[in-house]
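*Asks:* I would like to see how this sequence folds:
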Amino acid sequence: MSRGTEGELVIMLKCYQCSESGSDEEAVAICIMCGMGLCMDHAKRVDIPIWEGNYPAPVRMLKKGLPRFVCRDCGNILLPGSCE
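*Replies:* Residues are numbered from 1 along each chain as shown. Coordinates of the predicted model:
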């Protein structure tokens, strides 16, 4: 916690993985799967595939995926090998 320019209390989310190792980095993203705060070093950007089509089966995958931030563990569950 710190004080802002006008004296208001400012609380910044810290990177969970950095805090486990004793570091104190501010988070810049939150994992969409587990909700963990992540710094620039631990945040991984992945493009989640988007499928077009109707039930019962999708027809085709769109060329551009949906960009999202994940931690390394969740990224490898969501898209195996994407966060090596």
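
*Asks:* From the contact counts, what lies against the longest helix seen in the chain?
*Replies:* Secondary structure of the chain per DSSP state H: the longest helix is helix 72-78. With contacts defined as 3 or more CB pairs under 8 Å, 6 or more residues apart in numbering; DSSP states H and E, helix 72-78 has these neighbours: strand 44-48. Every residue, glycine included, has its C-beta placed from N, CA and C.

*Asks:* Relative to the whole chain's centre, how far out is the helix or strand just after the strand it packs on?
*Replies:* Sequence order places strand 51-52 as the next helix or strand after strand 44-48, per DSSP states H and E. How far strand 51-52 lies from its chain's middle: 23 Å, per CA atoms, centre = their mean, to the nearest Å.

*Asks:* before we move on, what about stretch 49-64?
*Replies:* Using CA atoms, centre = their mean, the offset of stretch 49-64 from its chain centre is 24 Å.

*Asks:* Any chance you could list what contacts it?
*Replies:* By CB atoms under 8 Å, 6 or more residues apart in numbering, the surrounding residues in contact with stretch 49-64 are 47, 65-66.

*Asks:* Format those residues as CSV; extra columns: distance to residue 80 and pLDDT.
*Replies:* As requested, the contacts of stretch 49-64 are exported to CSV (distance: CB to CB, whole Å; pLDDT from 0 to 100):
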residue, distance to residue 80, pLDDT
47, 14, 87
65, 15, 84
66, 18, 86
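
*Asks:* Go through those and name the one nearest residue 39.
*Replies:* The nearest member of those to residue 39, counting by CB to CB, is residue 47 at 20.9 Å.

*Asks:* Residue 72 against residue 44, yeah?
*Replies:* Yes. Contact criterion CB atoms under 8 Å: residue 72 and residue 44 qualify, at 5.9 Å.

*Asks:* And these two? Which one has more around it.
*Replies:* Each of residue 72 and residue 44 has its neighbours counted (other CB atoms under 10 Å); residue 44 has more, 22 against 16.
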